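Novice: Sequence plus predicted model, see below.
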Number of protein chains: 2
Amino acid sequence: MATYKKYNREQYLKDFSTIMDLRPLIEKYMDEAFENGVDNLVLAGVGGTMAIMMPFEAFAKKRTTVPVYLENAAEVVLGTNKAITERSLVVLYSDSGTTKETVALAKYCREKGIPTIGVSCTEDAPLQQYLKYPIVSKAADAYSCDGDFMRLSLIVGAFLKKTGDFPDYEEFMESLANAPKAMADIKEAVEDEVKEYAYSIKDEPYHMLVGSGNLWGSTYCFAMCYLEEMQWIHTKSITAPEFFHGTLELLEEDTSIMIFKGEDETRALAERVENFAKKISKKVKVVDTKDYPAEGIAEKYRGDFAPFFLEAYLGRLIAHLEDATGHSLDIRRYYRVMDY
Amino acid sequence: MATYKKYNREQYLKDFSTIMDLRPLIEKYMDEAFENGVDNLVLAGVGGTMAIMMPFEAFAKKRTTVPVYLENAAEVVLGTNKAITERSLVVLYSDSGTTKETVALAKYCREKGIPTIGVSCTEDAPLQQYLKYPIVSKAADAYSCDGDFMRLSLIVGAFLKKTGDFPDYEEFMESLANAPKAMADIKEAVEDEVKEYAYSIKDEPYHMLVGSGNLWGSTYCFAMCYLEEMQWIHTKSITAPEFFHGTLELLEEDTSIMIFKGEDETRALAERVENFAKKISKKVKVVDTKDYPAEGIAEKYRGDFAPFFLEAYLGRLIAHLEDATGHSLDIRRYYRVMDY
């Protein structure tokens, strides 16, 4: 969940080259989990690590009738979902392996006999000791959420293969293996545009951010974890259909709004916001994943990979915004600075 | 989903006196639905009518292992959840019975043979013609979400009775019957405090709003449907655990923050925000549902009724805020004014 500005193609592709190697281990874990019986899939996290689960809630829910739950780790550990049992599979993620709420949930699951599968980037992280199915992926923390999305695709893809809801699993995996290159291409293609946009918004005190369907996680996360936490810029993030039920009334000629348009079923919902916003505001930015060729990603999966494409873009945007505002992404007033 | 400032105890209790009369009809509908088999419960809406479903997602999920889905009507109609089938029960709500997205989902369900149960306040509303199990409740639209919560309690309560997860259903219904009086008492008890608070914030351009667990729906809705839509005041609504993963960095000495503290499992999460916020900001408002006696509500259900208590409070707050700002709750720039 950290974005580093130093992007270098060779290093990027090298860092990601080991991710697909996790596939056999994850498939073995799924075989084991399903031998014991699995009634539902639980995607749990907090902050950025809950946001990165969101596209996979969408990915799974449109493919399977097996219940899929997206949960906040801090809430669900309090017993708020009775369906989470020893016949669930709980997916956890923490690059550092130290995120307090996620570690607490892993421990809770261990004590209750609820199976967990999870990822962090170091073997001796607290998270690892509580996971039933631990995954260590050392390149975890390198570039925005790009790598997180790849690992979660492996996990949720393998889950859906076991439920019988992913007949084209092998074909999907071929596209997934090409994702790092596709994302690197996007990062390079958008460089000039992103830089110009970053400088154009450097003094904006407030942005609306709108996304729909499987882009909602990145919309929510870019607003809160990047603009608010790392740049101290006010935001309102809102899904495209919800925009029309309140937030729209605040849109004026000089209101900055970013609209993220993907390629899933909900694309038209973001387009509706775009059409409206352009009538009112002079500061409308649309990021449309359709603009990126993404070689190696099969046409039929472009909708599923749109969050990857957007993330590749946003990783560059935040890096340039840091330059433009002169506000380091590493400064915090309170987080891990003050006790609370 | 409209709040009217003219509160009058006698009229309020009279308006709500017919709601409990819906119980036999709703129980009959549930008997019928379960005869055909029900695999999951779907709570669907958009904007305020999605927000009012949220406490009931929490209510059901902590009591049953039967899958419960909260869905945005505009998204789910596009086929984003495969688990919604002719063995689902979809709950819909629209006071006017004309909310476009909700009516479209009702129509979609009708065409697919997916059973729906829903409420509006007039018989000849478009929504009614598509519902399998239609409910007309004429006092629907009177006071904030108070009445909506009562009707949804009847529906979700009866659902849980049928799944066998609500052994104390009768006892709960006794408390529910007392809810109008409890809410009226709260409205009257808070009158002076709310008025003073409303005038103290009348010039604030931005508020953070924080709630957790079953208060999240009202937190989200008060921010978007009331402050943003009806008062044109900027907000950021965020759940209590998520607050610490980004938004906290924007809190300063003069930042206005409202924290809604309920009585469910997640109360400590809101308390953590309260403790932190009071160290930083001089403009912290805590609404704690524990402050209200709520006679007639059994102690064991106070956690479930906290959203009712909060709504009683917020209904008065928005009425006084309208007076304080001089900005009518009925003015819209765009909604139902402009085509989009």
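Specialist: Okay, I see it. Residues are numbered from 1 along each chain as shown, chains lettered A, B, ... in the order given.
Novice: And chain B, is the longest helix seen in chain A touching that?
Specialist: When chain A is parsed with DSSP state H, its longest helix is helix A:302-325. No: remark: helix A:302-325 sits outside contact range of chain B, by CB under 8 Å from any CB of the partner chain, the gap being at least 11.1 Å. Backbone N, C-alpha and C define where each C-beta goes, glycine included.
Novice: Could you name the helices and strands sitting against that helix?
Specialist: Here helix A:302-325 touches helix A:54-61, helix A:146-163, helix A:169-189, helix A:191-200, helix A:216-221, helix A:229-231, strand A:283-288, going by 3 or more CB pairs under 8 Å, 6 or more residues apart in numbering or on different chains; DSSP states H and E.
Novice: Pick the most buried one from those.
Specialist: Each of the helices and strands packed on helix A:302-325 was scored by mean neighbour count; the highest is helix A:216-221, a mean of 27, by mean count of other CB atoms under 10 Å in any protein chain shown.
Novice: Quick one: list the elements packing against that helix.
Specialist: Short answer (3+ CB pairs under 8 Å, 6+ apart): helix A:216-221 packs on helix A:48-51, helix A:54-61, strand A:206-211, strand A:234-239, helix A:302-325.
Novice: any chance of these in JSON lines, plus mean pLDDT and distance to residue A:67?
Specialist: What follows is these, written out as JSON lines (pLDDT from 0 to 100; distance: least, CB to CB, whole Å):
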{"stretch": "helix A:48-51", "mean pLDDT": "96", "distance to residue A:67": "18"}
{"stretch": "helix A:54-61", "mean pLDDT": "98", "distance to residue A:67": "9"}
{"stretch": "strand A:206-211", "mean pLDDT": "98", "distance to residue A:67": "24"}
{"stretch": "strand A:234-239", "mean pLDDT": "98", "distance to residue A:67": "22"}
{"stretch": "helix A:302-325", "mean pLDDT": "96", "distance to residue A:67": "20"}
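Novice: Leaving out sequence neighbours, find the closest residue to the residue of the stretch 151-300 of chain A found nearest chain B.
Specialist: Nearest to chain B, among the residues of the stretch 151-300 of chain A, is residue A:245, at 2.5 Å (CB to the nearest CB). Sequence neighbours aside, residue B:47 is the residue nearest to residue A:245 in space, at 2.5 Å (criterion: CB to CB, 6 or more residues apart in numbering or on different chains).
Novice: Based on its surroundings, how many neighbours for residue A:304?
Specialist: Using other CB atoms under 10 Å in any protein chain shown as the criterion, residue A:304 is surrounded by 25 other residues.
Novice: residues touching it, list them.
Specialist: Each residue near residue A:304 by CB atoms under 8 Å, 6 or more residues apart in numbering or on different chains is listed here: A:55, A:59, A:172, A:214, A:264.
Novice: and it, how far is that from residue A:181?
Specialist: 17 Å (CB to CB, to the nearest Å).
Novice: follow-up on the earlier one: which phi and psi values does the residue nearest to residue A:245 adopt?
Specialist: phi 60, psi -130 (degrees, to the nearest 10).
Novice: Tell me how far it lies from residue B:79.
Specialist: Residue B:47 is 21 Å from residue B:79, where distance means CB to CB.
Novice: more neighbours, the two?
Specialist: Neighbour totals were compared for residue B:47 and residue B:79, and residue B:47 leads with 27 against 12 (other CB under 10 Å).
Novice: residue contacts, the more buried one?
Specialist: So residue B:47 contacts A:242, A:244, A:245, A:246, B:1, B:99, B:221, B:224, B:225 (CB under 8 Å, 6+ apart).
Novice: can you check residue A:168 too?
Specialist: Residue A:168 neighbours (CB under 8 Å, 6+ apart): residue A:300.
Novice: Quick check, pLDDT for it.
Specialist: Note for residue A:168: predicted pLDDT of 97.
Novice: Might you enumerate the residues of the stretch 101-250 of chain A proximal to chain B?
Specialist: Residues of the stretch 101-250 of chain A lying near chain B (CB under 8 Å from any CB): A:101, A:165, A:206, A:212-213, A:223-225, A:228-229, A:232, A:234-236, A:238-242, A:244-250.
Novice: Buried subset of those residues, written for ChimeraX?
Specialist: Buried members of those, defined by 16 or more other CB atoms under 10 Å in any protein chain shown, are picked up in ChimeraX with:
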select /A:101,165,206,212,213,223,224,225,228,229,232,234,235,236,238,239,240,241,242,244,245,246,247,248,249,250
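Novice: Now do the longest helix of chain A: distance to the chain's middle.
Specialist: In terms of CA atoms, centre = their mean, to the nearest Å, the centre of helix A:302-325 is found 11 Å from the chain centre.
Novice: Check stretch A:10-30 too.
Specialist: In terms of CA atoms, centre = their mean, the centre of stretch A:10-30 is set 17 Å apart from its chain centre.
Novice: Could you do stretch A:170-185 as well?
Specialist: Worked out by CA atoms, centre = their mean, stretch A:170-185 lies 16 Å from the chain centre.
Novice: ditto for stretch A:192-206
Specialist: 23 Å.
Novice: Start and end of it, how far apart?
Specialist: 23 Å (CA to CA, to the nearest Å).
Novice: Can you pull the poorly scored residue ranges out of the stretch 201-340 of chain A?
Specialist: The model of the stretch 201-340 of chain A has no residue with pLDDT under 70.
Novice: nearest residue to residue A:119 other than its sequence neighbours?
Specialist: Closest residue to residue A:119 apart from its sequence neighbours, by CB to CB, 6+ apart: residue A:135 at 4.6 Å.
Novice: wait, is that neighbour part of a helix?
Specialist: No: with DSSP: H, G, I helix; E, B strand; the rest coil as the criterion, residue A:135 is located in strand rather than a helix.
Novice: Identify the residues contacting it.
Specialist: Counting by CB under 8 Å, 6+ apart, residue A:135 makes contact with A:22, A:25, A:26, A:117, A:118, A:119, A:120, A:151, A:155.
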